[in-house]
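Q: Turn this into a model:
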Amino acid sequence: MSLLPPARDDSGTTPVSPDEERFLIPGVATLTELNLLERDNILEARRWLFAPRRKLAPADLLDHLFVRDLHRRMFRHVWRWAGKIRDCELNLGVPPLEVQTRLFSFLQDARAWHEHGAFPSDELSVRVHHGLVAIHPWRNGNGRHARLLADRLAVALDRPSFTWGGGAELEAKNDTRARYLTALKAADAGDFGPLVAFARE
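A: I've put the predicted structure just below:
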């Protein structure tokens, strides 16, 4: 019997199928245990990313190898696919064969936006978050990865980290997540105001 729910839902999360369990590194008995392991791994990655001695310019953060390494660090103790470009279809994102090219191209665009001052710092960081979520480069953890990268990019641009709706749990079905998804949909249509506002709540 699978510990992970196979059904897709409308929560905006990428579902984990029973087949995905073969990619788990540790022995995990429950979904709660899996969530705790992921959270611990992400906190470790966050400490690494925000270490005072680690000087990262926007161009460093928007490098495709760095973006992959960050995902690897976030999930390397839990999933064998950590940091590996997605090779399967998901309910979100571009087709698997387009992921690598789209990711590389998008990050080049983001570096150009920064170099030419195309957007205010908060909007640039939120646009990077949105673009990564839209591509969905990884099997799972796309939103968490994109938010963490956007947080560090904001800091590199002399802005504080985002609060993302006041710090509520965005992986759970709740009102805060519903507002986050609504803001993402507005950004899909080209209106980034709601997503910037949500990120700074």
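
Q: Residue 191: how many residues sit nearby?
A: Residue 191 has 12 neighbouring residues, counting by other C-beta atoms under 10 Å. Using the backbone N, CA and C atoms, a C-beta is placed for each residue, glycine as well.

Q: Where does pLDDT dip in this structure?
A: 1-17, 168, 172 (pLDDT under 70).

Q: Please repeat the previous calculation with a cut-off of 80.
A: Along the chain, segments meeting pLDDT under 80 span 1-21, 26-30, 167-174.

Q: for it, what spans make up the helices?
A: 31-49, 58-61, 64-75, 96-115, 121-135, 142-156, 175-188, 193-199 (DSSP state H).

Q: Could you save those as CSV and add columns showing distance to residue 163 and mean neighbour count?
A: Listed next are the helices of the chain as CSV, based on distance: least, C-beta to C-beta, whole Å; neighbours: other C-beta atoms under 10 Å:
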stretch, distance to residue 163, mean neighbour count
helix 31-49, 14, 15
helix 58-61, 19, 18
helix 64-75, 19, 20
helix 96-115, 22, 16
helix 121-135, 12, 22
helix 142-156, 10, 22
helix 175-188, 11, 16
helix 193-199, 7, 19
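
Q: Can you check which of those gets nearest to residue 165?
A: Closest to residue 165 of the helices of the chain is helix 175-188 (C-beta to C-beta; 4.3 Å).
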